[in-house]
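Undergrad: Coordinates for the following, if possible.
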Amino acid sequence: MESCPSVKNVLLLDSEGKRVAVKYYTDDWPSHAAKLAFEKSVFTKTEKTNARTEEIVMFDGYIVVYKFIQDLHFFVTGGDNENELILATVLQGFFDAVDLLLRNNVDKRTALENLDLIFLCLDEIVDRGIVLETEASVIAEKVASHSLDGATSFSEQTISQALATAREHLARSLLK
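TA: Residues are numbered from 1 along each chain as shown. Here you go, the predicted structure:
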């Protein structure tokens with residue numbers, strides 16, 4: 001167990017430090033109040049940075065890797081002896097999978113509308129703190145197949161949505 005890469009938590013906060021989606025994998029923060037206090041302190045420490053790429057910080061004995069995009073702040077926390085590159089890979093895999101699933105429209109409103117996909121994404125990446133997958137396309141494919149109940153694959157869903165959009169535009173242009 002100690003040789004496996006592990007994650008303490010994954011946080012997705014908005015631009016005010018409020019929860020969008022969070023998952024804790026250890027009992028390092030035993031109460032809800034402790035979790036909220038940790039989230040607030042991590043947000044306060046990192047909010048003044050402009051982390052458009054991964055940033056790494058030591059915070060309260062934990063390694064926190066984070067990245068901001070529009071009005072969302074992505075965080076992955078590991079123990080002080082965890083490999084920063086693995087944590088950064090988890091963060092990048094999470095961000096890229098969310099980006100794929102939300103069709104390059106990563107913002108708070110879209111994230112809240114698709115919260116089920118984000119939590120499925122977290123479930124595919126980390127299980128009880130153990131890193132399972134970091135490849136965004138694999139994660140997005142698994143999440144899409146879960147959300148579609150096996151009806152069509154992620155790539156087929158994209159094509160059908162594109163055709164529906166084209167039909168919509170054609171209908172609008174004909175009605176003008």
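Undergrad: Look at S6 and report its pLDDT.
TA: Note on S6: pLDDT of 88.
Undergrad: Please name the nearest non-neighbouring residue to the residue nearest the centre of the chain.
TA: What sits nearest the mean C-alpha location of the chain, by CA atoms, centre = their mean, is F94, with 4.3 Å. Leaving aside its chain neighbours, F94 sits nearest to I125 (5.7 Å; criterion: CB to CB, 6 or more residues apart in numbering). C-betas here are computed from N, CA, C, even on glycine.
Undergrad: these two touch, right, that neighbour and V10?
TA: Yes - I125 is in contact with V10 according to CB atoms under 8 Å; the separation is 7.5 Å.
Undergrad: which residues are in contact with both of those two?
TA: V90, F94 (CB atoms under 8 Å, 6 or more residues apart in numbering).
Undergrad: higher neighbour count, those two?
TA: I125 (25 against 22; other CB atoms under 10 Å).
Undergrad: Next up, the contacts around the more buried one.
TA: Residues in contact with I125 (CB under 8 Å, 6+ apart) are V10, V90, G93, F94, A97, V131, L132, E133, T134, I139.
Undergrad: Now tabulate those residues in JSON lines and tack on secondary structure and distance to N83.
TA: Converted to JSON lines, those look like this (DSSP: H, G, I helix; E, B strand; the rest coil; distance: CB to CB, whole Å):
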{"residue": "V10", "secondary structure": "strand", "distance to N83": "16"}
{"residue": "V90", "secondary structure": "helix", "distance to N83": "10"}
{"residue": "G93", "secondary structure": "helix", "distance to N83": "15"}
{"residue": "F94", "secondary structure": "helix", "distance to N83": "16"}
{"residue": "A97", "secondary structure": "helix", "distance to N83": "20"}
{"residue": "V131", "secondary structure": "strand", "distance to N83": "10"}
{"residue": "L132", "secondary structure": "coil", "distance to N83": "16"}
{"residue": "E133", "secondary structure": "coil", "distance to N83": "17"}
{"residue": "T134", "secondary structure": "coil", "distance to N83": "12"}
{"residue": "I139", "secondary structure": "helix", "distance to N83": "20"}
